[in-house]
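Asker: quick one, what's the 3D model for this:
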Amino acid sequence: MRRIRSGRWLDVATVGAGRYTILESACLKYLVQGLPNPTKQYPQLWVFLGSAQKNKHLHDLFPANAFTRADAGTIRLRGDEATAASDSPILFADGDPWNASVLPNSSLARGDRRYDLDYNVGAPTHVVHGLYSRVLFLFADVICMFAEDLPTGVDLAALTKHCAVDGLPLEARPHLIIVTGRSCSAWSATAGSALRSEAFSAVSVFSIESTRDTLKTLLETRSQEVRKLRKHVIGQLSGVQLKGFLQSAMACLATTHSYTYDFVRASRTQGIPADVGRSINEIYQKCIEAELPDLDTARFIASALIMDHYSPEMPLMDPRLVFQTLYRPMILATKPSPPKTLVAVMESEMATEFSHLATYTSLNRRKQLMTAKTGHYSAIKSNRICLYCLVQAAQHFPPCDHALCDLCAQKFGSASVDTEYQFSLDQCLLCCDTISMTIDVLPPTMGPSILAIDGGGVRGVIPIEFLILIQEYLGECRLQDVFDLDVSTSSGGLTDLGLRALGLPIQECAAIFNRLALCLFEKRRRPAFPWLPPSMLGRMRQWYSWWRHDSCYDGLVFDAILQQLYGNQFLLRNYCRDSSGSIKSGAKFGVVATSIGAKTETVMMGNFNAVNGTSEDCGYQLIRPTNIQHELQVWQAARATAAAPFMFPPIDLPAGTFQDGGLTDNFAGGIARRASRTIWPGSREPARLLSLGTGSPPLSADDGLPHFRNSIVDGFLRRAFNAWMTSLDGESKWREMKSQLDDSIAGNFRRLNVPLEETSSALDNVAMMDHYRNLVIRHPGSARMAKEATVDLITARFFFELDSVPQLHHVPFWCHGTIRCKGPVGPLLAALQQLIPDPLEFVTDSHCLGPIRVERDICPSCNRFCWPVSLRCHDPAQCIQVYIKSGRYGKWRINSFPSTPTKLVNRQQLDSPFGKADHGCPVRKPCPACDPSRLPFRGRRRRRNSNLTAEHRRKRVCVR
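Answerer: Okay, the predicted model is just below:
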C-alpha cells in the first residue's frame, strides 16, 4: 500500500456567506491505488471517534503506521500497513465530530475534489455530522467511540439521527463499540441507548482497562460478523467499489440533506433504460405469441436482467433486492402489466441465474442460456427491442429477425481487424442460424454526420448534382461512408433510398431519378367521360377526373415503378453487402411522410429505433408496426414520402394512410437533427450536418408588401398555392435553425443550395430538369461549396479517445488519448490530401501537435489510423479543441470536439467503479504494431531520460 504523508481526507469549508462545501483530498484514491490488487481486495473500514484517547489507542492498534502531527482534517483516512497485502486490508478513518473546525474557501489544495452543498445549512456542525452519519456510517464495518473524549453534555443522538439507508437490513449495519475509561466508569445504559438507532446493528461497551490486543480482537471479530452478513446483501466491496460508493454518498449529501441512500441505485451510475418496464412487457407478449411456457419466459427475461445489472465489476448484490429495486416497480407500472405471479417467478429465476455467477460472467451465462436449447427461443421476434439484452432498442436486423442493439453487437460480436468500432456476427444465438453480418457502431466520443435532403419534385436534381460533386471530391471513398444518418423528404427521399436501401453510387441514383420522373410525369390522367367531344366542358371534365381519382397522375403506375425498382426489400432488412458478401448494417436512414388526419402529423419511416425514453417531444412519430410481419417495405416508404397532394393519391398501409412529407417538414435538416438525438442521446448535436436544398426562390425586387388586386389574381386558390410553394422552401427554416445554434458549433452545419431563376414552376415539369442541373453547374460557388462540404465530412471521421482515466482533480493534469479514424482511412486521407495539397497537421487552439504522415500513421499491419497525443489541462470543465490544419487553407475541427475532460470520461464510462455497459468487451482487435504505448514521441523533443514510461512517449501539449 502506498504510504501517504498526510491522512487528511475530508474537510468542510465555507463558500461565501452561509454556504459550505465538502473538500475531499486524493487520500482515498491513493490508498486504493496503492493496494496490490484493488479490484480483488476487499477492504475493511473501521471508524474511530474521539480526540486524545483515540489518538493514543490508534498508535497502539496500528504500530506499523507512522502518525505525524501534519495529519490534519475533519476526517482522516489511513491504511493499515500490516494488512495491506491481505485479502481484507484495513482502512481506518478517525475524527472528532464534536470539535471539528471549518476551513476557509482558499484552503482548496491541489487534487481536492469539491462537493458544493445545494441547500442552506443552519450550522457547519450539521455538515460534519452528515459526513459521519450519511457517508462513513453507511460503509463502516465497526465504529469505535472513546467515551473519555466526549464533551460534557453532548447530544449523542444528533450524530446519527439523519442516517438512512435503503435495502440494508439492521443486522448488516456497523457495530458500535464504546470504549470507556476510569473517568467515565459511570457510563450508563441510558447514555448508550441514545446511540441505539437504525445506524448500528448493535452497541457494545468496552472497558479501557482491558488490553490493547483484546480491543483489536473485538474490532476484528465484530467487523467480520458484519461483513459476513453484509456480503449476502450488497456483496463484498473491492477497494475500487468502496471508493465509488463513498464518493457517491458524498455527492448525495451535497445534493440534499434528506435522502435515503440506496446501494443498488447508487451502483447504476449510468441509470437504467427509462422504458425497461415496457420493453419487458412487450417481450412477455412476444413469448405468449411464441407459446413459450411461463417458466421459460421468466428464465429468458431474468437472464437478460442479470446481464444488464451484473457487469464484471459490479458488486454481487442480492438479486432479489436488485429486482425489487430496479425492475419490479417498472414492470408492474406498465399497462397492461404481466401477471404478478409471473413477476414473482422472474424474481425467483433471477436468484437462480445469480447462482451461476460464481462460475460464469453474466454475459457468458446469457450466451449459454440462449444456445442451450437449439432454437428454443427462435419464435420470439421483435422489430423494436434487442432480443439479446431485452432492455435496449433494436438497431440491427439479421435475416432471421432476431434484432440486436449497438451494445450487444459489441458484446456478442467479434471486433473487426481493420475498422474502428466494427463487429462481425457469424451466428444468431437465438435460432443458431449461420449468418455473416458486419455491424458498424458509432464510437461513444464521436458525433454523427448527417445528410438531410429537402423535397421539391423534379427540382430534386439540384441536391443530386451537389452529391455528385461531393462524390467526385471523395474519390475512391464511397459517399455512404461519410454519413451516419440520412433523413430526407419527398423527392429527396427517393434519392436517399437509392443510396442506402439499394447501395447505389450517386451517379446511378441520378439516372434512376431522371427515368422515374420521365415515366411518372409523362402524361396526366385523361378527362372524365372520354366519349364526349374534347371541346365540350374539357377543363371541367379534366378537373372532375382528378378530383374523382384524388390525383392528376396514376398512383398505380407509381406503385409499379417503385416495386420494380426496390423489389421486396424491407426497411429494417435492406441487405447491402460488402465485397466479401457479408451483410452490412450500420448507417441509419429515414424518410419523412405525413398523416392525412385533421391534424396533419409528421411521421418517420426508417431503419432505426429511438433509444428508450428519448422519443417524447421529438416532433414526429416513428412508424414501427407492432407485428413484424407488417414492417414497411422500401417501396412503400418511397411511395409515402413522395405522395404529393394533387399529383398522387396517398398510400394506405397497415399503420395508416400517408402522404408527402414536405407538407410539414420539407426542411429535412430540422427533423434530422431531432432524430439523431433519439438514436444517439449522448450526442446532443451532430458533428456535421449537411443540408441540401432544392433551389431557393429569387429575391423579390418589389418594395414593401403587396396589396390585393382582384379575386382572379389574388384569390384564395392562388394564395393557398403560393403558401404551399413557400412551405417547400427550406431556406427560412435553415436560417432560423442556424440563428439558434451556439457559435462554437455553428460551423458544423452547412447548407448547399442555389437560387432559382424563375419565380415559380410546376414541380412536375420534367422539361425543367436540365435547367435545374445547369443551375448547379453554372452557379459560381457550387464547386467551392461542395469542396468545403467534402473537407468537413472527411475531417469529421477523425475522432479522439482517452486511453486512460485522467486525474481530473489533480490540476493540472494530462489527458492521454489517441486520434483515430472511423471508416476507410486510406481513401479518406487520399481524398483529403487531394483537396488540400499543403501538409496536414493536428493542432489545438494554441499548439501544434504534429504532422499527419500517411505512411507512418496508418498501421501496415491492421490498416487502422493511430495518432497518440497527450493534452495538459487545467480544469476538468476546460474546453478542448483539436483540429486538422493546413497552412493556407485553414483548420477544421475533428470529431469529439469541442469537449471537456469530464465529458470525454463520462462518454467513455472510464471512471465507472461498477463497470461499463459494454462489460469491457473490446472495440478493436489488439495490434502490437500500433499499440499507442509503443509508438514514439512526436513533435519537438526535450532532454529526458531514455527510460520514459509509455504515457510519456507521445506528443504532449498544454491546452489553454
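Asker: low-confidence ranges, the stretch 701-850 of the chain, go.
Answerer: 701-705, 708, 710-728, 759-761 (pLDDT under 70).
Asker: show me where it has helices.
Answerer: 716-727, 731-740, 743-746, 769-778, 782-795, 825-835 (DSSP state H, counting those that start in this stretch).
Asker: what's the closest of the ones you listed to I22?
Answerer: Each of those has some distance to I22 by C-beta to C-beta; the shortest is helix 743-746, at 32.1 Å. (Glycine included, C-beta is placed from N, CA and C.)
Asker: ok, residues contacting the closest one?
Answerer: 685, 738, 879, 898 (C-beta atoms under 8 Å, 6 or more residues apart in numbering).
Asker: so which of those residues sit within helices?
Answerer: K738 (DSSP state H).
Asker: show the buried residues in the contacts of helix 743-746.
Answerer: Buried members of the contacts of helix 743-746, scored by 16 or more other C-beta atoms under 10 Å, are E685.
Asker: how is this protein partitioned into domains?
Answerer: 8-261, 270-440, 449-526+537-699+725-793, 797-936+950-958 (the TED database).
Asker: in TSV: those, plus distance to H707.
Answerer: TSV is the format used below for those (distance: least, C-beta to C-beta, whole Å):
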stretch	distance to H707
domain 8-261	59
domain 270-440	54
domain 449-526+537-699+725-793	18
domain 797-936+950-958	48
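Asker: tell me which of those sits nearest to R709.
Answerer: Closest among the domains of the chain, using C-beta to C-beta: domain 449-526+537-699+725-793, at 16.0 Å.
Asker: that closest one: end-to-end distance?
Answerer: Domain 449-526+537-699+725-793 has its terminal residues 7 Å apart, counting by C-alpha to C-alpha, to the nearest Å.
Asker: the chain should start at 48 in everything you say after this.
Answerer: Got it, the first residue is 48 from now on, which makes the last one we talked about domain 496-573+584-746+772-840.
Asker: how far does stretch 134-150 sit from the chain's center?
Answerer: Offset of stretch 134-150 from its chain centre (C-alpha atoms, centre = their mean, to the nearest Å): 38 Å.
Asker: if we can go back for a sec, including distance to A456, could the helices of the stretch 748-897 of the chain go into CSV?
Answerer: As requested, these are exported to CSV (distance: least, C-beta to C-beta, whole Å):
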stretch, distance to A456
helix 763-774, 40
helix 778-787, 32
helix 790-793, 29
helix 816-825, 39
helix 829-842, 24
helix 872-882, 21
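Asker: among those helices, which is nearest L155?
Answerer: Comparing the helices of the stretch 748-897 of the chain by C-beta to C-beta, helix 790-793 comes nearest, at 28.5 Å.
Asker: give me the buried positions along the closest one.
Answerer: Result for helix 790-793 [16+ other C-beta under 10 Å]: buried residues I792.
Asker: repeat for stretch 410-427
Answerer: In stretch 410-427, counting by 16+ other C-beta under 10 Å, buried: 410, 412-414, 416-418, 423-425, 427.
Asker: ditto for stretch 74-93
Answerer: 74-79, 81-82, 85, 88-93.
Asker: which of the domains of the chain has the lowest average pLDDT?
Answerer: Lowest mean pLDDT of those: domain 55-308, a mean of 86.
Asker: hmm, back to that, closest one to Y357 among the helices of the stretch 748-897 of the chain?
Answerer: That would be helix 872-882 among those, by C-beta to C-beta, at 36.9 Å.
Asker: of all the contacts of helix 790-793, which comes closest to G54?
Answerer: Distance to G54 across the contacts of helix 790-793 (C-beta to C-beta) is lowest for C926, with 35.9 Å.
Asker: got the contacts of helix 790-793 as JSON lines, with distance to A878 columns?
Answerer: Shown next, in JSON lines, are those (distance: C-beta to C-beta, whole Å):
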{"residue": "E732", "distance to A878": "25"}
{"residue": "K785", "distance to A878": "27"}
{"residue": "C926", "distance to A878": "30"}
{"residue": "P945", "distance to A878": "25"}
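Asker: let me know the closest of the contacts of helix 790-793 to V858.
Answerer: C926 (15.0 Å).
Asker: contacting residues for that closest one?
Answerer: C926 neighbours (C-beta under 8 Å, 6+ apart): 791, 945-947.
Asker: would a markdown table of those with distance to H176 be doable?
Answerer: A markdown table is the format used below for the contacts of C926 (distance: C-beta to C-beta, whole Å):
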| residue | distance to H176 |
| --- | --- |
| S791 | 44 |
| P945 | 42 |
| S946 | 39 |
| T947 | 34 |
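Asker: grab the two from those that are most spread out in space.
Answerer: S791 and T947 (11.9 Å).
Asker: quick one on the thing from earlier: and the helices of the stretch 748-897 of the chain: which comes nearest N167?
Answerer: helix 790-793 (34.9 Å).
Asker: show me where the stretch 648-797 of the chain has strands.
Answerer: Taking DSSP state E, counting those that start in this stretch as the test, the strands found in the stretch 648-797 of the chain are 649-653, 668-669, 698-700, 703-707, 735-739, 796-799.
Asker: format those as JSON lines; extra columns: mean neighbour count.
Answerer: Written out in JSON lines, the entries for the strands of the stretch 648-797 of the chain read as follows (neighbours: other C-beta atoms under 10 Å):
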{"stretch": "strand 649-653", "mean neighbour count": "23"}
{"stretch": "strand 668-669", "mean neighbour count": "16"}
{"stretch": "strand 698-700", "mean neighbour count": "18"}
{"stretch": "strand 703-707", "mean neighbour count": "21"}
{"stretch": "strand 735-739", "mean neighbour count": "28"}
{"stretch": "strand 796-799", "mean neighbour count": "21"}
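Asker: out of those, which is closest to F347?
Answerer: When the strands of the stretch 648-797 of the chain are compared (using C-beta to C-beta), the closest one is strand 668-669, at 26.3 Å.
Asker: by contact count, what packs against that closest one?
Answerer: In terms of contacts (3 or more C-beta pairs under 8 Å, 6 or more residues apart in numbering; DSSP states H and E), strand 668-669 is packed against strand 649-653.
Asker: isn't H209 right next to V182, touching?
Answerer: No: using C-beta atoms under 8 Å, H209 makes no contact with V182, being 11.1 Å away.
Asker: the more surrounded of these two?
Answerer: Higher neighbour count among H209 and V182: V182, with 24 against 18, using other C-beta atoms under 10 Å.
Asker: secondary structure element for the residue nearest to the more buried one when sequence neighbours are not counted?
Answerer: Of all residues beyond its chain neighbours, the one nearest V182 is A296 (4.6 Å), with distances taken as C-beta to C-beta, 6 or more residues apart in numbering. Assigned by DSSP states H and E, A296 belongs to helix 286-302.
Asker: next SSE downstream of that helix?
Answerer: strand 308-309.
Asker: what's near enough to touch the spatially closest residue to L876 that is not a sequence neighbour?
Answerer: Spatial nearest neighbour of L876, chain neighbours left out: V901 (5.4 Å); criterion: C-beta to C-beta, 6+ apart. Neighbouring residues of V901 by C-beta under 8 Å, 6+ apart: 873, 876-877, 880.
Asker: need those residues in CSV with neighbour count and distance to R971, can you?
Answerer: As requested, these are exported to CSV (neighbours: other C-beta atoms under 10 Å; distance: C-beta to C-beta, whole Å):
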residue, neighbour count, distance to R971
G873, 15, 17
L876, 22, 19
A877, 16, 22
Q880, 15, 25
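Asker: list the contacts of L516.
Answerer: By C-beta under 8 Å, 6+ apart, the residues touching L516 are 823, 829-830, 833-834.
Asker: helix, strand or coil for it?
Answerer: helix (DSSP: H, G, I helix; E, B strand; the rest coil).
Asker: count of neighbours near the nearest residue to W861 once chain neighbours are set aside?
Answerer: Among residues not flanking W861 along the chain, S917 sits closest, at 5.1 Å (C-beta to C-beta, 6+ apart). Here the number of neighbours of S917 (other C-beta under 10 Å) works out to 19.
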